[in-house]
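[1] Need coordinates for the following:
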Amino acid sequence: ASKDGSATGTGSDGALVVAEERKSGAVKADVWIAYITATGTAFLFFFCVFLNVMNNFSSIAVEWWISFWTTDSIDPYPGFGFYVSVFFALAFVVAGLLYGKTLAFAWMGVWASKNLHHKMLHSAIFGSSAFFDRTPVGWMVSRFSSDVQKIDEQLPQMLDMCITSILLTMGSFVVMSVVTPLVLCFIIPLIAWYAWVVVYYKRAFLEIKRLDSTTRSPVYSHFSESLAGITTIRAYGQVPEFLQDNVRRLNRNNRQFMAMKSMELWLATRLQTVGIISITAVSVISVFFRASPESAYVGLLGLMFTHALRVTGTMQWMSQNITNMEAQMNSVERATHYIDTIEQDGCGSGNKPLEGYQGGAAALAVVAKNTASLPKEGEWPSKGSIQFTDYSLKYATGEPVLKHVSASIGGGEKIGVVGRTGAGKSS
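    Numbering: from 1, shown residues only. The predicted structure is shown next:
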């Protein structure tokens, strides 16, 4: 890594360590498909969405029923007990759906994280030596710690909140349109402008989030390398230099965080403008174009104002959730990159299941199978002799370091390899 904390690159210049990948633009469809597939079944994902839709629909039904209750709109009057009974029945449905969808999202997140971690671990374990030669440990630590933690904990919650905020915003606009259809003349242009603002914000936010991920890896890499060579660093009096290098890398990563907070304030200012316009439009239309003096309409009017006041917060929450969810999908993007691109040493790809992973009876069956395939007594080599014939060795770049070596090492011999510095003793 360079001194400013960025990863050094390789490619046509022949450097050994490659630059850590950073994709641009929106998260691709294949990343979403990989995440949905990792949940075990697409049915679980769409079942979570269905529960969320029903939960938000039930919440609006509760508010609608309260608007009728407060104005006594049912004639003849059914009695206080009837209103209370229906209210508690709807509230019980909302609570049950809320519990069910929370449990479903948590279950989906656990399965997705477990399967993606398993595939990434499988791909790394059977990765070629060239991959480990050119990949700093900090990069792998970042994926197996920070990225897996986001997939395991943050992504399911963000997905739940994203769907909830979208449904809340849509529900508010639907309620306002049903009560006073003329409000659509203001809502449609506002939605178009809002969509443009969110797309503009999301494009910049995703790039900053990717920069945050790629600038975090050098921090992990530098810390692990410093711990490994702490005695040498102290012996040569390089502690201040390494501290400054660590601060540079931290500052480089923190700059991305400050940029994200600035963009959130930029978005909040514009969304509050949308909310103010929508509230003003609803107020003016309600005063000058009142459809009916009936009490039922008065109750619905109160419901409409409640949603008009709420829409500013829900729109801001929705835009942040959409952007943050797609930013969290960057962790899935980085995991699938390891699953699909690490070259294997003859053991297949990361998509191939690792035997015995699920534990239980399946693991015992694999152990029994492997035990049965072991050489029988008497089939083991009786002497540990090694024979090299015209052996050559090279690393990922450059010329071969060993050329046409032939050697015979007998069983029980003690061998010493002698040569000058750089002669290829370790190789």
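
[2] make it CA atoms for all contacts and neighbour counts henceforth
    Noted.

[3] Can you tell me the SS state at residue 387?
    Under DSSP: H, G, I helix; E, B strand; the rest coil, the three-state class of residue 387 is strand.

[4] Secondary structure element holding the closest residue in space to it that isn't next to it in sequence?
    Closest residue in space to residue 387, ignoring its immediate chain neighbours: residue 408 at 4.7 Å, by Cα to Cα, 6 or more residues apart in numbering. With secondary structure defined by DSSP states H and E, residue 408 is part of strand 402-409.

[5] Which strands border that strand, and is each parallel or antiparallel?
    Sheet pairing of strand 402-409 (DSSP bridges) gives strand 386-393 (antiparallel).

[6] what's the longest helix anywhere in the chain packed up against?
    Of all segments of type helix in the chain, defined using DSSP state H, the longest is helix 239-288. Packing partners of helix 239-288 (3 or more Cα pairs under 8 Å, 6 or more residues apart in numbering; DSSP states H and E): helix 184-228, helix 295-341.

[7] Out of those helices, which gets the lowest mean score?
    Lowest mean pLDDT within the helices and strands packed on helix 239-288: helix 295-341, at a mean of 77.

[8] in this protein, which ranges drop under the pLDDT threshold?
    The chain contains residues with pLDDT under 70 at 1-26, 71-75, 289-299, 345-375, 377-379, 381-382, 396-397.

[9] Now with 50, please.
    Where the chain drops to pLDDT under 50, the residues are 1-14, 295-296, 347-363.

[10] The residue lying farthest from the centre of it: what secondary structure?
    Distance to the chain centre peaks in the chain at residue 76, reaching 54.8 Å (criterion: Cα atoms, centre = their mean). Under three-state DSSP, residue 76 falls in the coil class.

[11] burial count for the closest residue to residue 259 other than its chain neighbours?
    With sequence-adjacent residues excluded and distances taken as Cα to Cα, 6+ apart, residue 259 is closest to residue 208, at 7.4 Å. Neighbour count for residue 208, taken as other Cα atoms under 10 Å: 20.

[12] try residue 45
    Around residue 45 there are 18 residues (other Cα under 10 Å).

[13] in the one helix or strand it maps to, what counts as buried?
    For residue 45, the element it lies in under DSSP H and E is helix 42-71. For helix 42-71, a neighbour-count test (16 or more other Cα atoms under 10 Å) marks 44-45, 48-49, 51-56, 58-69 as buried.

[14] ok, residue 155 touching residue 326?
    No - using Cα atoms under 8 Å as the test, residue 155 is too far from residue 326 to be in contact (9.1 Å).

[15] if you count what's nearby, which of the two comes out ahead?
    Between residue 155 and residue 326, counted using other Cα under 10 Å, residue 155 has the larger neighbour count: 26 against 22.
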